[in-house]
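J.: next input, structure requested:
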Amino acid sequence: MLDIKKQLSKLYSSSVLGSLSLTGAWVAILSARGYSLVEIGIAETVFHITSLIFEIPSGVLADVFGRKKMLIVSTLMRMIGNIVMILSDDLFTVCMSIAFMALSYNFSSGTGDALAYDSLKLAGQEDGFEKFSSNQLIIYRLCSGISTLCAGFAIVIGHKLAYGTDLVTGAVQILLLSSLCEIYAENTSGDNVILY
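T.: You can find the predicted model right below:
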């Protein structure tokens, strides 16, 4: 049986881990590494092009393979992006890292919300989704603000250590996501199904 409070708590915790980062102000970090505004703009363009291309396919994959799995894939993409950024020494590898970061956003975009809604629906508490969504927005805004404030610290310790801390956070997040219950909205009989 699904424990809705635990399920939502894990989703909240995952949001905190996914949003808190020493590398939130990556533009400042790249600038401190000596990249020009034009080069940073190219990296930003790569991010948005990747997002546009993979937004719909990532949603389809979440529906087919499960939202829990796609949240884990999202975290893995972010971790790969972190590793590539740590090893990066030119604009190409920076853009490659940024592309993985974009994929991370694509795979998580709306996926946690969909899992939360289906979980609440299964528990007969779908009216609580607005509160969940509001809390998620607060978590995102607060953590993003804190991450931006950490830009100076990230520059002081260096990009390798800053992105390394994100790797540790990602590993913890994967452990947390692995303990979620997978919920499929409906099977052929119209009933909700939980997969552990």
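J.: what comes up buried for the lengthiest helix in the chain?
T.: In the chain, assigned by DSSP state H, the helix with the most residues is helix 37-65. Using 16 or more other CB atoms under 10 Å as the test for burial, helix 37-65 gives 39-40, 42-43, 46-47, 50-51, 54, 58-59, 61-62. For every residue, glycine as well, the C-beta is placed using N, CA and C.
J.: what residues of the following helix or strand past that helix count as buried?
T.: For helix 37-65, the following helix or strand on the C-terminal side (DSSP states H and E) is helix 67-87. Residues 67-86 are the ones in helix 67-87 that count as buried (16+ other CB under 10 Å).
J.: ok, stretch 119-134 next?
T.: 119-120, 122-123, 128-129, 132.
J.: what's the straight distance from one end of that stretch to the other?
T.: 17 Å (CA to CA, to the nearest Å).
J.: how far out from the middle of the chain is that stretch?
T.: 21 Å (CA atoms, centre = their mean, to the nearest Å).
J.: pLDDT added to the buried residues of helix 37-65, as TSV?
T.: As requested, the buried residues of helix 37-65 are arranged in TSV below (pLDDT from 0 to 100):
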residue	pLDDT
Glu39	96
Ile40	96
Ile42	97
Ala43	96
Val46	97
Phe47	95
Thr50	95
Ser51	92
Phe54	89
Ser58	82
Gly59	79
Leu61	85
Ala62	83
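J.: and of the residues you listed, the nearest to Ala28?
T.: The closest of those to Ala28 turns out to be Ile40 (CB to CB; 9.6 Å).
J.: so who does the closest one touch?
T.: 27, 30-31 (CB atoms under 8 Å, 6 or more residues apart in numbering).
J.: repeat the analysis, applying 10 Å as the threshold.
T.: 26-31, 33, 91, 94, 98 (CB atoms under 10 Å, 6 or more residues apart in numbering).
J.: same question for Gly24.
T.: 143-151, 154, 162, 166.
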